[in-house]
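In: Give me a 3D structure for the following:
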Amino acid sequence: MHPWPAAASWLLFLAANGTTKLDCFCTHVADVYYQGGGLRFQNDGEENLWLTYCVYPRAYKLEATCENLERLSAAAPAVARLLQLQSPAEERERGCAGALEQVREFSEGAADEFSVQQWCLIADHLAGSCSVLGLDDTDWNEETLATDHLRRPVLSQLLRALRQIMKAVSARRGCADQHDWNFRQQHLNKSEFEADYSVYLEHLANYTQDIAHLISLGVTHTSQVFVPLAFEHMGIHPNDQRLHGWIKDVRRVRDMLHTKLRGWVHDMQSVSEQMMNYKIEEDKNSSGIYLIRRPLLNHRLLAYQTQFLSFHDDFSALCEEQHPKASEMFGLANALYSLYRNSWIETARIFNENNSSYFYIVDEEWQLKDRSNATLSVDTGCLQLLADALDHPTCPLEDLPPETIEQREQCRVQLWDDMVQRLPHIPVTSYLAYTQRASVNLCLLAWMSVNSFSVCQDVSFSMIQSVDDARCFFGSPDHKSCPELNVTYAICSVSRAILLLKCRDFSFHKQVEVCGVSLRPDGLHSEGYGLRF
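Out: Below you'll find the model as predicted:
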């Protein structure tokens, strides 16, 4: 079939609630397959739909350090609900009657050529149906959680929206992958090469922008779904007298997860904007060979986003006595983070790497030497606050006194003021001045500031923003060219960048043994594989 008639057929099919019909088809085939009936397709188009729409990618994965594999597996059934095809009851509710026959009839023609048009059309259609309106202000209190007919419809809508987002990310990747950008084979003329490269950059930026939009929606829906999903996963009894306290705790964990995910949105949006700044030039030493010069703020910085959340390891023991369900809440947050990092961030990052393989890459470097031996003079009161936070950590589910919150914010401002002054030694002008200031290793200070228990725990982490802030700060002795730095958050932003990139002796990138759990479209999971990173 010619691609344009195929595209027209797909447009008509999708406009007639096509993705719902495809979901029904997927459920039917999966039900037969997972019941041991095997896969029997009536035509090639039907099989193509199954392999591309229903089970692409083949499996999602959750990962954790191997000592946390058991906890990861415990949270896997809840996370698997984000991927699970609809149940027979949902099929009936969504009008699946006759959908299988319609899809099979359709697959005899248009689906046989599942080309770039189909991938892109499905991606657009899914992206347009991912938003759930009217649920932003759902108040998950005792009544809405404990009442099935209030909780279940909302949870079902949110889970479906998140499934759509997962499929949309995959479809968008499938759409973007269809174009062959093998410039070396296609071009000899330099002007043609540069013109097509400009189109390639636009393609790359648009793809990343689309993924950033989907991630933004996904983060919003994850915050909305976390409370009811945890309620059902943890088997909370509606009449439990501790329900009010549980709701308060799970909201706090939700907010902690949202803080971690929110930085991704900023990073992906920033990366899409930076891609148009990638430069192309011919290698002076090799005719016909081209170099890409990428700015420092490129997509490779995404690799520095946290690989695993440490909520469970850091906080479970602290919270266990007063919050008996905290361990399960933290485990669920860790598992959701792992799913999204593997299915969203890695999808975008690996795509960008793959599509840069036809060129020699030259990345701009941050020209600042290793800071492991640098020292800074800081206020001793604030330094003591950082030390106390490490020596006597508190459970993040507890309400901190207002004076403690204010003290932490003041400490961030004070630390930033100390860094701005760039004092490399203790100003011994008097005994009082000596006792009020201390010299501390800059990398140690950065680690103490951004540690999970410290003053930056409520500040979202954008790697792109952190590197931009730090480069500007260290490159501007008078500090006047960085007016956009927010004084309240600057120490957190700059500390994260120098700690990850300029503190070799404090590197977090150590080899660990990673174990994983694979999730299937039927909602089941399997565990066991191990890797070393």
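
In: Tell me how many other residues crowd the residue lying closest to residue 459 once chain neighbours are set aside.
Out: Leaving out its chain neighbours, the residue that sits closest to residue 459 by Cβ to Cβ, 6 or more residues apart in numbering is residue 492, at 4.4 Å. The way it works is simple: take the backbone N, C-alpha and C, and place the C-beta from them, glycine included. Residue 492 has 25 neighbouring residues, counting by other Cβ atoms under 10 Å.

In: Might you report the residue contacts of residue 260?
Out: 306, 309, 337, 460, 461 (Cβ atoms under 8 Å, 6 or more residues apart in numbering).

In: Closest to residue 81 out of those residues?
Out: Nearest to residue 81 among the contacts of residue 260, counting by Cβ to Cβ, is residue 337 at 16.1 Å.

In: Which parts of the stretch 351-500 of the chain are helices?
Out: 380-391, 402-421, 431-436, 442-450, 463-474, 487-501 (DSSP state H, counting those that start in this stretch).

In: hmm, who's touching the fourth one?
Out: Outside helix 442-450, the residues that touch it by Cβ under 8 Å, 6+ apart are 371-372, 374-376, 378, 383, 386-387, 389-390, 412, 415, 454-456, 491-492, 494-496, 498-499, 502-503, 505-506.

In: With the first one instead?
Out: Helix 380-391 has contacts (Cβ under 8 Å, 6+ apart) with 407-408, 411, 414-415, 418, 435-438, 440, 445, 448-449, 451, 453-455.

In: I'd like to know which of those residues are buried.
Out: Neighbour-count burial (16 or more other Cβ atoms under 10 Å) applied to the contacts of helix 380-391 gives 408, 411, 414-415, 418, 437-438, 440, 445, 448-449, 451, 453-455.

In: and the two most separated of those?
Out: Largest separation among these by Cβ to Cβ: 437 and 453, giving 24.0 Å.

In: can you pull out the strands in the protein?
Out: Under the criterion DSSP state E, the chain contains strands at 60-65, 279-282, 290-294, 360-363, 375-379, 437-441, 513-519, 525-532.

In: just the ones you listed: most buried one?
Out: Among those, strand 60-65 has the highest mean neighbour count (mean count of other Cβ atoms under 10 Å), at a mean of 22.

In: how far away is residue 286 from residue 360?
Out: 9 Å (Cβ to Cβ, to the nearest Å).

In: Serialize the helices of the stretch 351-500 of the chain to a markdown table and add fields for mean pLDDT and distance to residue 291.
Out: Compiled in a markdown table, the helices of the stretch 351-500 of the chain are given as follows (pLDDT from 0 to 100; distance: least, Cβ to Cβ, whole Å):
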| stretch | mean pLDDT | distance to residue 291 |
| --- | --- | --- |
| helix 380-391 | 92 | 44 |
| helix 402-421 | 90 | 36 |
| helix 431-436 | 56 | 52 |
| helix 442-450 | 93 | 33 |
| helix 463-474 | 90 | 22 |
| helix 487-501 | 92 | 23 |
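
In: Which one, of these, ends up nearest to residue 158?
Out: Nearest to residue 158, of the helices of the stretch 351-500 of the chain and by Cβ to Cβ, is helix 463-474 at 28.2 Å.

In: Tell me which other helices or strands the closest one touches.
Out: Helix 463-474 sits against helix 243-274, helix 487-501, with contacts defined as 3 or more Cβ pairs under 8 Å, 6 or more residues apart in numbering; DSSP states H and E.

In: Next, the angle from it to helix 402-421.
Out: Orientation check (axes from the mean of the first three to the mean of the last three Cα atoms, to 10 degrees): helix 463-474 against helix 402-421 gives 50 degrees.

In: For residue 302, give its distance to residue 205.
Out: Counting by Cβ to Cβ - residue 302 and residue 205 are separated by 15 Å.

In: Kindly report the same for residue 168.
Out: For residue 168 relative to residue 205 (Cβ to Cβ), the value is 18 Å.

In: Between these two, which is the more surrounded one?
Out: A direct count of neighbours by other Cβ under 10 Å for residue 168 and residue 205 places residue 168 higher, at 26 against 18.

In: which residue packs closest to that one, ignoring adjacent ones?
Out: residue 126 (3.8 Å).

In: Please enumerate the helices of the stretch 151-300 of the chain.
Out: 183-186, 190-233, 243-274.

In: got those helices as a markdown table, with distance to residue 23 and mean pLDDT columns?
Out: Below are the helices of the stretch 151-300 of the chain laid out as a markdown table (distance: least, Cβ to Cβ, whole Å; pLDDT from 0 to 100):
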| stretch | distance to residue 23 | mean pLDDT |
| --- | --- | --- |
| helix 183-186 | 39 | 57 |
| helix 190-233 | 18 | 88 |
| helix 243-274 | 26 | 92 |
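
In: nearest to residue 15, of these?
Out: Nearest to residue 15, of these and by Cβ to Cβ, is helix 190-233 at 20.6 Å.

In: Determine how far the closest one lies from the middle of the whole chain.
Out: Helix 190-233 has its average C-alpha position 10 Å from the chain's average C-alpha position, going by Cα atoms, centre = their mean, to the nearest Å.

In: so that helix versus strand 290-294, what angle?
Out: Using the same axes, to 10 degrees, helix 190-233 lies at 40 degrees relative to strand 290-294.

In: can you state the direction angle for helix 190-233 and helix 243-274?
Out: Going by the same axes, to 10 degrees, helix 190-233 makes 180 degrees with helix 243-274.

In: Show the end-to-end separation of stretch 436-454, please.
Out: Stretch 436-454 stretches 21 Å from its first residue to its last (Cα to Cα, to the nearest Å).

In: Would you tell me which of the helices of the stretch 351-500 of the chain gets closest to residue 8?
Out: Residue 8 sits nearest to helix 463-474 of all the helices of the stretch 351-500 of the chain, at 40.6 Å, using Cβ to Cβ.

In: before we move on, the earlier item: any chance of the helices and strands packed on helix 463-474 in a markdown table, plus distance to residue 394?
Out: Below are the helices and strands packed on helix 463-474 laid out as a markdown table (distance: least, Cβ to Cβ, whole Å):
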| stretch | distance to residue 394 |
| --- | --- |
| helix 243-274 | 12 |
| helix 487-501 | 18 |
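
In: My read is that residue 50 contacts residue 42, right?
Out: No - assessed by Cβ atoms under 8 Å, residue 50 is found out of contact with residue 42, at 11.3 Å.

In: In terms of neighbours, single out the busier of those two.
Out: Using other Cβ under 10 Å as the criterion, residue 50 and residue 42 rank with residue 50 on top: 20 against 11.

In: Spit out the contact partners of the closest residue in space to that one that isn't next to it in sequence.
Out: Excluding the flanking residues, the one nearest residue 50 by Cβ to Cβ, 6+ apart is residue 29, at 5.6 Å. By Cβ under 8 Å, 6+ apart, the residues touching residue 29 are 39, 50, 54.

In: hang on, isn't the last one packed against residue 28?
Out: No - taking contact to mean Cβ under 8 Å, the distance of 10.1 Å between residue 54 and residue 28 leaves them out of contact.

In: Could you give the separation of stretch 70-79 from the chain centroid?
Out: 18 Å.

In: buried ones in that stretch?
Out: For stretch 70-79, a neighbour-count test (16+ other Cβ under 10 Å) marks 71, 72, 73, 75, 76, 78, 79 as buried.

In: okay, the first one: pLDDT?
Out: We have a pLDDT of 89 for residue 71.
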